[in-house]
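Asks: quick one, structure for this:
(one chain, ligands or ions: 1)
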Amino acid sequence: MICLSSTAGSPDGALRQLRRDAAHLDLFELRADFFAELQSEGSNQHRGEAGDGEVGADLAGAVNWGRRLSELAAEARSDWRALRPEAAALGIILTIRRAADGGRYQGDEGFRLLVLEEALRSGGFDYLDLEEDLLGSDAERSVVAAASSAGATIIRSYHAPDGISAELPHRAARAATRENEIPKLAVHADGSAAFLRIIEAGEALQSVRRIVIAMGPYGVAGRILAPRLGSFLTYCSSDDGRQAAPGHLTPEVLAGMYRYHELTERTAVFAVIGDPVLHSRSPEFHNPVFRSQKLDAVYLPLQLDDLSALPALADRLGLQGVSITIPHKSGVRRLLSNAEPAVEAIAACNTAIRGPEDAWYGYNTDLHGFLAPLAEFFGGAEGAQHAPAAQETRGPDLTGVRCTVIGAGGAARAVVYGLLLYGADVLILNRTVARAEALAAELGEQLETVPPRCAALEPAADALVREYRDLLVQTTSIGMEPEVEADPLPFYEFCGSEVAYDIVYTPPETTWLRRARRAGCRVIGGNAMFEGQARAQSALFLTRINELHQHGAGQ
Ligand code: ATR
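Replies: The predicted model follows:
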């Protein structure tokens with residue numbers, strides 16, 4: 001179930017958030033600790049008590065707040081009913097989160113508990129979030145009794161906003177002590193190993209209904225796959241600038257992009273792994289493909305700082321395939337059982353697919369993505385030797401085509417490999433010539449072909465570029481945002497007959513590419529390469545999904 005946590009500073013703001021996202025919600029958590037008025041009343045209470053010892057004000061203020069919250073719950077329910085008459089009842093959770101647990105309430109604890117008690121007595125709440133450290137204390141007794149009379153279920157929460165401590169197993173076990181309560185663990189994950197440990201702590205709870213959240217970017221995949229990890233709800237925040245907790249997604253993204261309500265144990269899960277990875281464009285490419293083909297599959301970002309956590313996470317999350325991005329393209333090769341030749345030649349793998357008996361197979365669709373747009377300009381060639389196994393066997397016919405590649409890093413390696421594979425004559429220009437020479441020698445030997453020529457990236461190379469100007473490929477970060485004015489080849493005047501290809505895609509047209517287009521050249525931008533590699537990856541994912549269907553194995 002999708003639960004919206006309100007983050008507005010006032011009751012009216014909370015209702016506005018509910019209305020805005022009503023279409024996607026099952027539950028609403030009223031986070032009263034965000035209400036500025038309640039915060040200050042709780043804090044003043046504290047001062048008042050110390051000053052004049054007036055206890056009566058405590059009670060009156062708490063009763064007043066309890067009623068307000070109860071009225072707010074009733075209003076939320078009727079607003080929601082008006083917006084979604086066909087849906088089941090909206091479940092409402094009452095929470096006043098303490099600052100020490102990552103919330104906003106810093107006031108008097110006695111006042112907080114009185115407000116909760118009064119709100120429950122006044123009615124309207126289905127759940128109450130109550131902390132594990134209060135379990136069995138005198139302080140909580142009348143709150144628990146009020147919840148019980150109101151028929152509200154207690155969510156017994158343990159929060160660790162600073163991350164895992166030695167206390168985790170003990171505190172988690174305590175949160176699960178009472179059978180009629182729902183234990184909740186909300187623990188910050190400072191990396192992939194922590195994410196895994198939080199999942200395991202959740203499994204150890206063994207409660208039929210439980211809530212397990214790994215907060216922060218490393219746990220986002222767990223928020224999307226909450227039901228698979230045994231969590232009966234996932235929390236999210238409105239898209240208005242405030243998050244109730246780090247890592248929250250919006251209800252619209254959860255329900256729309258990730259089809260949260262359709263995810264089951266059988267859903268085939270795919271992910272992009274990298275660090276950072278939450279801004280990857282890949283989910284926006286792959287999820288619509290799955291949806292349009294009516295496939296029970298989802299694609300999500302999995303931020304991963306440590307590759308050694310990947311096998312266990314892949315099992316827990318049910319991963320069937322992954323896209324791999326910076327910084328794992330090289331390192332991931334050690335986890336593969338097998339790989340297409342290009343993966344070793346380029347020393348980079350950007351796609352891995354699970355096969356029978358949990359073997360993982362590696363591919364490099366970046367290579368295909370780079371080559372795909374070239375076929376349009378240079379015609380197709382039937383399967384070259386070592387053609388990327390995953391893709392169509394037609395590649396561009398580059399026999400005798402004279403190409404200049406700018407750069408000699410990781411990206412250039414894939415580019416030069418692809419060009420040589422399809423028969424091109426290559427010149428590599430790099431700021432550091434020795435690096436270009438090492439790359440040229442290595443790829444020449446690997447492909448048993450004439451190694452590329454090399455030169456320094458400076459004006460003296462102008463005459464050489466004129467010799468190698470059928471195709472110019474720019475592989476460095478020069479011209480990438482934010483330094484969009486930079487030009488990697490300022491000394492070179494385009495004659496207009498070149499094909500200019502820049503693999504940078506932010507901005508979609510670099511200064512250099514614009515200069516080429518204005519000179520009459522045919523141009524290819526980095527988006528074409530991104531989409532080419534994503535299409536090839538999608539074909540691999542669909543093959544895996546078909547295999548799963550054929551074997552009826554689910555996962
Ligand atoms: P990637 O995997 O993106 O290719 P990389 O392996 O770090 O990244 O390679 C970066 C490439 O961009 C190299 O060719 C680098 O030149 P050097 O080998 O001389 O370092 C080139 N590059 C990056 N910034 C550059 C700059 N400001 N001027 C010239 N070349 C630059």
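
Asks: near the ligand, which residues of the stretch 451-555 of the chain?
Replies: 457, 475, 476, 477, 478 (Cβ under 6 Å from any ligand atom). C-beta coordinates here come from the backbone N, C-alpha and C atoms, glycine included.

Asks: out of those residues, which is nearest to the ligand?
Replies: Proximity of those to the ligand (Cβ to the nearest ligand atom) peaks at residue 476, which lies at 3.3 Å.

Asks: which strands and helices sit next to the helix or strand containing residue 370?
Replies: Following DSSP states H and E, one finds residue 370 within helix 365-371. Under the contact definition 3 or more Cβ pairs under 8 Å, 6 or more residues apart in numbering; DSSP states H and E, helix 365-371 sits against helix 341-346, helix 410-421, helix 526-551.

Asks: can you pull the pLDDT of the residue nearest to residue 174 when sequence neighbours are not counted?
Replies: In this structure, residue 174 finds its nearest non-sequential neighbour in residue 132, 5.4 Å apart by Cβ to Cβ, 6 or more residues apart in numbering. As summarised for this prediction, residue 132 has a pLDDT of 97.

Asks: can you tell me how far residue 132 sits from residue 185?
Replies: 9 Å (Cβ to Cβ, to the nearest Å).

Asks: next: residue 161.
Replies: Distance from residue 161 to residue 185, by Cβ to Cβ: 12 Å.

Asks: who has more neighbours out of these two?
Replies: residue 185 (27 against 17; other Cβ atoms under 10 Å).

Asks: what bridges to the more buried one?
Replies: With DSSP bridges as the criterion, residue 185 is bridged to residue 158, residue 212.

Asks: list the contacts of it.
Replies: Listed by Cβ atoms under 8 Å, 6 or more residues apart in numbering, the contact set of residue 185 reads 157-158, 168, 172, 175, 198, 201-202, 205, 210-213.

Asks: name the SS class of the residue of the stretch 201-350 of the chain found nearest the ligand, please.
Replies: Going by Cβ to the nearest ligand atom, the ligand is nearest to residue 326 of the stretch 201-350 of the chain, at 7.9 Å. Following DSSP: H, G, I helix; E, B strand; the rest coil, the label given to residue 326 is coil.

Asks: same check, this time on residue 352
Replies: Using three-state DSSP, the structure places residue 352 in strand.

Asks: and the closest residue to residue 219 other than its chain neighbours, how close does it get to residue 311?
Replies: Counting by Cβ to Cβ, 6+ apart, residue 189 is the residue found nearest to residue 219 once chain neighbours are left out, at 4.4 Å. Plainly put, residue 189 is 18 Å away from residue 311 if you go by Cβ to Cβ.

Asks: between these two, which one's more packed in?
Replies: More crowded of residue 189 and residue 311, by other Cβ under 10 Å: residue 189, with 27 against 13.

Asks: settle this for me: the more buried one is touching residue 212, isn't it.
Replies: No - applying Cβ atoms under 8 Å, one finds residue 189 not in contact with residue 212, separated by 11.2 Å.

Asks: anything in contact with each of those two?
Replies: residue 198.

Asks: domains in the chain, by residue range?
Replies: When the chain is parsed with automatic domain parsing, its domains come out as 2-263, 398-524.

Asks: quickly, which of the ones you listed bottoms out on average pLDDT?
Replies: Per-stretch mean pLDDT for the domains of the chain is lowest at domain 2-263 (a mean of 93).

Asks: can you give me the end-to-end distance of it?
Replies: 12 Å (Cα to Cα, to the nearest Å).

Asks: repeat for stretch 484-492
Replies: 18 Å.

Asks: do stretch 115-135 as well
Replies: 18 Å.

Asks: next, the buried residues of that stretch.
Replies: 115-122, 124-135 (16 or more other Cβ atoms under 10 Å).

Asks: and stretch 309-323, by the same measure?
Replies: 309, 310, 313, 314, 316, 317, 318, 319, 320, 321, 322, 323.

Asks: in JSON lines: these, plus pLDDT, secondary structure and distance to residue 149.
Replies: Formatted as JSON lines, the buried residues of stretch 309-323 follow (pLDDT from 0 to 100; DSSP: H, G, I helix; E, B strand; the rest coil; distance: Cβ to Cβ, whole Å):
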{"residue": "309", "pLDDT": "97", "secondary structure": "helix", "distance to residue 149": "46"}
{"residue": "310", "pLDDT": "97", "secondary structure": "helix", "distance to residue 149": "49"}
{"residue": "313", "pLDDT": "97", "secondary structure": "helix", "distance to residue 149": "43"}
{"residue": "314", "pLDDT": "97", "secondary structure": "helix", "distance to residue 149": "47"}
{"residue": "316", "pLDDT": "95", "secondary structure": "helix", "distance to residue 149": "40"}
{"residue": "317", "pLDDT": "96", "secondary structure": "helix", "distance to residue 149": "41"}
{"residue": "318", "pLDDT": "95", "secondary structure": "coil", "distance to residue 149": "42"}
{"residue": "319", "pLDDT": "98", "secondary structure": "strand", "distance to residue 149": "46"}
{"residue": "320", "pLDDT": "98", "secondary structure": "strand", "distance to residue 149": "48"}
{"residue": "321", "pLDDT": "98", "secondary structure": "strand", "distance to residue 149": "51"}
{"residue": "322", "pLDDT": "98", "secondary structure": "strand", "distance to residue 149": "50"}
{"residue": "323", "pLDDT": "98", "secondary structure": "strand", "distance to residue 149": "52"}
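
Asks: show the subsequent helix or strand relative to the longest helix along the chain.
Replies: Criterion DSSP state H: the longest helix present in the chain is helix 55-83. Next in sequence after helix 55-83, counting helices and strands by DSSP H and E, comes strand 91-95.

Asks: what angle sits between that next one and helix 55-83?
Replies: With axes from the mean of the first three to the mean of the last three Cα atoms, to 10 degrees defining the directions, strand 91-95 sits at 150 degrees from helix 55-83.

Asks: before we move on, the earlier item: the residue of the stretch 201-350 of the chain closest to the ligand and residue 279 touch, don't they?
Replies: No - with contact defined as Cβ under 8 Å, residue 326 does not reach residue 279; the gap is 11.9 Å.

Asks: once you drop chain neighbours, what's closest to the spatially most central residue of the chain?
Replies: Ranked by distance to the mean C-alpha position of the chain (Cα atoms, centre = their mean), the top residue is residue 301 at 3.0 Å. Distances taken as Cβ to Cβ, 6+ apart put residue 277 closest to residue 301, at 4.7 Å, once the chain neighbours are dropped.

Asks: what residues are bridge-paired with the residue nearest to residue 286 when sequence neighbours are not counted?
Replies: Residue nearest to residue 286 in three dimensions, not counting chain neighbours: residue 299, with 3.8 Å by Cβ to Cβ, 6+ apart. Assessed by DSSP bridges, residue 299 has beta-bridge partners residue 270.

Asks: who's in contact with the residue of the stretch 1-150 of the chain found nearest the ligand?
Replies: The ligand sits closest to residue 102 of the stretch 1-150 of the chain, with a gap of 37.4 Å, by Cβ to the nearest ligand atom. Contact analysis of residue 102 by Cβ under 8 Å, 6+ apart lists 159, 161, 186, 215, 245.

Asks: got a list of what the fourth one touches?
Replies: Residues in contact with residue 215 (Cβ under 8 Å, 6+ apart) are 102, 161, 186, 187, 188, 189, 245, 246, 247.
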